[in-house]
Structures are given as C-alpha cells and as structure tokens.
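A.B. asks: Okay, sequence plus prediction incoming.
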Amino acid sequence: MLVKTYGSAVHGIKATTITIEVSVGQGVNFFLVGLPDNAVKESQQRIMSALETNGYKFPKKRIVINMAPADIRKEGSAYDLPLAIGIMAASEQISSDNLNEYVIMGELSLDGSIQPIKGVLPIAIQAREEGFKGFFVPKQNAREAAVVNNLDVYGVEHIKEVIDFFNGNSTLEPTVVNTREEFFAHANSYDVDFADVKGQENVKRALEVAAAGGHNIIMIGPPGAGKTMLAKRLPTIIPPLTLREALETTKIHSVAGKIDRNTSLMTRRPFRSPHHTISDVALVGGGQYPQPGEISLAHNGVLFLDELPEFKRTVLEVMRQPLEDRVITISRAKFTVEYPASFMLVASMNPCPCGYYNHPEKECVCSPGVVQKYLNRISGPLLDRIDIHVEVIPVPFEKLSAAPPAESSAQIRERVVKARQIQEERFVPWAEVHCNAQMSSKLIREFCKLDEAGSAILKTAMERLNLSARAYDRILKVSRTIADLEGSERIMPQHVAEAIQYRSLDRENWAG
C-alpha cells in the first residue's frame, strides 16, 4: 500500500514542504531514498524500537520510502515521527484518510516519547500558506508554532497520541496563543534601566543619538568606567519591536534552536554579546549545514563586542559587508543560504593595553607607539562603518555618592521613538531605508543640507582637528539625527557641532 505524509525542510529561514511517500509490499528490505543524511537514515532503529515498545508492529516486509523533492538534502532527526506514521498507515495499522491535511514533525525516543526540534516557526508559516489544516509538533515547540493563526497546532508528547488521533480513538486540543496579547504584554519588560546609571551624561546622550538614528557606536575608556553597563541598557531605549520584526526575529532564533518551551514570540530586541575568542564562522554563520551566526541572532537588536581590539582581525573583517548590506549570504557548492543581519553594532575598548591612556588620574605605562599600535588592530574600513565614537571617563566618588536621580529608560525612549517616527515618514518612498544610519550618499545630499554657519563649523573642524575625509558623511548623518531628536526640519550649527564631538578616533593626533 502507498501512503503519503508531509514534513518540512528548513533552509535559511524558509521552509520547503517534504512529501514522504511510503510503500509497503512483498519482500524484507528497507529502502530510504531522497537525499537523507545520516541522522535521517538512523531513524529506522528509533522507529522500530518506539513502535515495538508500545505494542505496535514494525512491518517485516519490503518498505520503500521516498522523501520528495529528492534533490533537497534532508537533515536531522525531526523526520522520525512523519516516517513512523507513514509506515503505520502504509501497513494499515492506522487510518490514512486525512493524513494529507497535516504536517507532522518530531524526533522519536526509543520509548516513543517525542523530543523537541529546531525551526518550527518557519515550518508552521509554510504549512499555513500551503493550506494544511493542522501541524503536529513536540509539546515543547507547540507555543512557538501556535503563533501562526489559521492553523491547528497539536503539541504531542508521545507517538501513541498521534496514532490514537488518526484512528479516531481520542481527540487532541490545539494549542492556542493570542499573538497580539502575548506580544504587547511583554514588549517593554527589561531588568535594567538607565535610571541605575550615575553620571556619564555625555555617554547617555551619545547612546540616545545612536538609538534614535540606528547608528553604530564605539565607547573608549579605562576599565571600570561603565562601558559594558551602559551598552547593556541600550535595548531599553530602542523603539519596541513591531509585530513583523518580532516574527522575523523569532524565525531566526527558531532555526537556531534558541526558543525555550515557554516562549511563543520574541517580544524584546535581542542583545548578543559574543566572547572575543569567537571564530568568524560563529559570528557570521555557516558550518557544514549553515546555521545563523551571532550577527543574524542580533537581527533587529544589538550586537555588543566588548574589548573590540581583542577580537581576531579576520573575525572583525567579515563584518564589513553585513554592516553595509544588512544581510549575510552563505554560499556552498550546491546551495546558497541568506540570513538577515540588520543590527546595531555597539563596541567598547580600552584606549591602550594598560587601559589608562587619557585617564584623568592614573598614568598610562605603555611605551611610545603602543597606543597607536593597539588602535590599529581595528581596521580603517571597519572604523569607517561606526558613526559615533565616544570617550567614557570614570565617574568620581562625589558624583557616585551624591548624584541626583537619573532619567529613566522610558523617558529617553519617548524621545527616541518620536525621532524614529520622523525618519519613517521621511523615508516612505525608500522601502529599504528606515533610519538615518541607512542613508545612501544620494539621500545624504537630499536630507542633510547645511546652512552657511553649519558648513563653516564643519570645514573648520575638518581642518583644525585633522578629521579624516571618511568622517564627513558620518557627521552629516549624526547631525540629521540630532536635529530629528529636537524636532527640527533643518540641521542647525549646534547639531553639527555636537556631531563633530562624536568622531574622537578620526582625529589624527588622538593616540599621540
């Protein structure tokens, strides 16, 4: 007898429906075709044990299974459940009347219990688009899949539940998640707040400007000045995720297997902080079966690189193209996978190996030339993609002990959201541009016009501070963001003056 069940294969963040054709006839062999990897081939032993442990028969006949389309590689153990149900139906142990209405995915244990899998959300979205009635998933993945409406999602813990469902011996209640209610209930819940930070008003202002325009930022300062603490609070002032952004972010984390069983939808912007020993493949994504890297897991959020010069040169250089294109393309001989990578880069570093260059109290013990050599670990092209450079000075004891209450993240976020709304309206004709940091040279010429006074200030700064030519566009972009924060249509001289302050590392004499 020939029976068809349906599973799905995930490539990148998109799913392709897989038709599993099972034929049981005369003979004693087991054939599994359709480009399965080793994990899929090993499913025979898991299925056999799961069925026999629960009192069902594994047919002692000739079994041929084809996984179509046969030119797409099938990876992982998530096909155990659809293969098992197909074998049961083809050997007439369960009814196959409505199998074609469901997508089935799950890994089997030897006792028949079902283990969680990766990439459930893209599969559920594809199943709904192709008109399937329901989707059987491991119980741990049910809430994640239930984000998709107009699709009955059944979370199952044991193969017996699925067999009884198709035989009509029991019914299953679909998992229901109110996506909008879930999203808005947890959208602004953070454990940290800018109100906790004493002093550092100039750095808070720089972070506010960075959040308002989507600008990349680097903080330079001695150990203990508060760089990491400030960076961790940046997501609290970035505008909340939209529902579309939340869904896109959740898909990436679903593919990487980073969604826990209690989470249905990611409601907070990601904050990724990889250690400086990370490899280039782990950062941008890849591997034999390409998985998303840290830059994709930070999509729609913040990628924080602490102690930037300590990262390997090759690791930092692979970020150059994704920072411009906001997408990473991983190519292999037989296929290409594309992952989104639109993130804010936040970096921190000590000014020198000892950490105390330019410190107001402690003396730097580095020998001549070492400071510049340390800074040179970061290449010019990468530094070129960082709009704001800000120096972080340690807060003296007097300010720590007697500082008045600081502004909360909610207050700062209000201003940032208003500035972002202005930018969204400005860039309506350009679908790929959402904030000032994404402006091209053409858009800079159109929206960043300076008056005579502003031009004079910028010219003077370029000459006197020995600013490099690459700082010119960055200053204009940041000036536009500062103007938006004030609700000004025109870029005023004071906006340009503030933007010039945020180019510390472009000064030729910065490191002596």
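C.D. replies: Received the coordinates, thanks.

A.B. asks: So, low pLDDT: which residues of the stretch 351-500 of the chain?
C.D. replies: 397-403, 469-470 (pLDDT under 70).

A.B. asks: Tell me where it has helices.
C.D. replies: 370-375, 380-384, 397-402, 409-426, 441-447, 452-464, 471-485, 493-501 (DSSP state H, counting those that start in this stretch).

A.B. asks: and the shortest one, how far from the chain's centre?
C.D. replies: The one in question is helix 380-384. 23 Å (CA atoms, centre = their mean, to the nearest Å).

A.B. asks: Run through who's touching that helix.
C.D. replies: 218, 316-317, 319-320, 323, 470, 474, 505 (CB atoms under 8 Å, 6 or more residues apart in numbering). Using the backbone N, CA and C atoms, a C-beta is placed for each residue, glycine as well.

A.B. asks: just stretch 18-37 next, same as before
C.D. replies: By CB under 8 Å, 6+ apart, the surrounding residues in contact with stretch 18-37 are 1-9, 40-41, 43-44, 59-76, 79, 82-83, 86-87, 89-91.

A.B. asks: Find the residue ranges of this structure scoring beneath the pLDDT cut-off.
C.D. replies: For the chain (pLDDT under 70), the answer is 185-188, 397-403, 469-470, 506-512.

A.B. asks: Find the residue at the geometric middle of it.
C.D. replies: Leu297 (2.6 Å; CA atoms, centre = their mean).

A.B. asks: Name whatever forms a beta bridge with the residue lying closest to that one once chain neighbours are set aside.
C.D. replies: Leaving aside its chain neighbours, Leu297 sits nearest to Arg272 (5.3 Å; criterion: CB to CB, 6 or more residues apart in numbering). Arg272 has these beta-bridge partners by DSSP bridges: Leu303.

A.B. asks: Can you name the residues that contact Arg272?
C.D. replies: Arg272 neighbours (CB under 8 Å, 6+ apart): 294, 297-298, 301-304, 343.

A.B. asks: just Gln93 next, same as before
C.D. replies: Neighbours of Gln93 in contact, by CB under 8 Å, 6+ apart: 56-57, 163.

A.B. asks: rerun at 10 Å
C.D. replies: 51, 56-59, 85, 87, 163, 166-167 (CB atoms under 10 Å, 6 or more residues apart in numbering).

A.B. asks: go on, Val318?
C.D. replies: 279-281, 283-284, 286, 293, 295, 312, 328.

A.B. asks: Could you list every helix and strand that the helix or strand Ala246 falls within packs against?
C.D. replies: Assessed by DSSP states H and E, Ala246 sits inside helix 243-255. Where contact means 3 or more CB pairs under 10 Å, 6 or more residues apart in numbering; DSSP states H and E, helix 243-255 is packed against strand 2-11, strand 14-25, helix 120-129, helix 142-145, helix 179-186, strand 291-292, helix 294-297, strand 336-340.

A.B. asks: 8 Å instead?
C.D. replies: helix 120-129, helix 179-186, strand 291-292, helix 294-297, strand 336-340 (3 or more CB pairs under 8 Å, 6 or more residues apart in numbering; DSSP states H and E).

A.B. asks: And the contacts of the second one?
C.D. replies: Contacting residues not belonging to helix 179-186 are listed as 147, 149, 243, 246, 264-265, 267-268 [CB under 8 Å, 6+ apart].

A.B. asks: Distance from the chain centre to the helix or strand just after it, please.
C.D. replies: Per DSSP H and E, the first helix or strand lying C-terminal to helix 179-186 is helix 201-213. Averaged C-alpha coordinates place helix 201-213 at 22 Å from its chain's average position (CA atoms, centre = their mean).
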